[in-house]
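Participant: output the structure for:
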Amino acid sequence: MNIDITGSFKEVTVVWKYIKNGESLLIDADKCTGCGTCLEVCPHSVFILKYKKALINLRDACMECGACKLNCPAGAIEVNSGVGCAAAVIGGMLGKKAPDCGCC
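Facilitator: Presented below is the predicted three-dimensional model:
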């Protein structure tokens, strides 16, 4: 949070960046029904809904966790979960390897 000169608080939006260009994230527009489930489950607001279709809006914010793919009822999303930052952090927490995905 930032404090302005009057002492009130202003909300600050933080956009996390993970693997550059969310390398494996794809949406098949022909399959997408526009249900918005991907928007609900994505922890970093990667998607937007436009023209009744999900679109990738913040590709660099994708941590390739796979929540969108697992929850898409139309099977319109492809992502290689287990290869991005989420997998590196979880692997590090479990002591399997140092928590480094190579994007920093």
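Participant: helices and strands of the chain: which one has the lowest mean pLDDT?
Facilitator: strand 2-3 (a mean of 46; mean pLDDT, DSSP states H and E).
Participant: which residue ranges of the protein form strands?
Facilitator: 2-3, 9-10, 26-27, 47-50, 53-56, 77-78 (DSSP state E).
Participant: so which of those gets nearest residue 94?
Facilitator: strand 77-78 (25.8 Å; Cβ to Cβ). C-beta: built from backbone N, CA, C; applies to glycine.
Participant: partner strands of the closest one, with direction?
Facilitator: Sheet pairing here is set by DSSP bridges, and for strand 77-78 it gives strand 26-27 (antiparallel).
Participant: who touches the partner strand?
Facilitator: For strand 26-27, the external contacting residues (Cβ atoms under 8 Å, 6 or more residues apart in numbering) are 54-56, 76-79.
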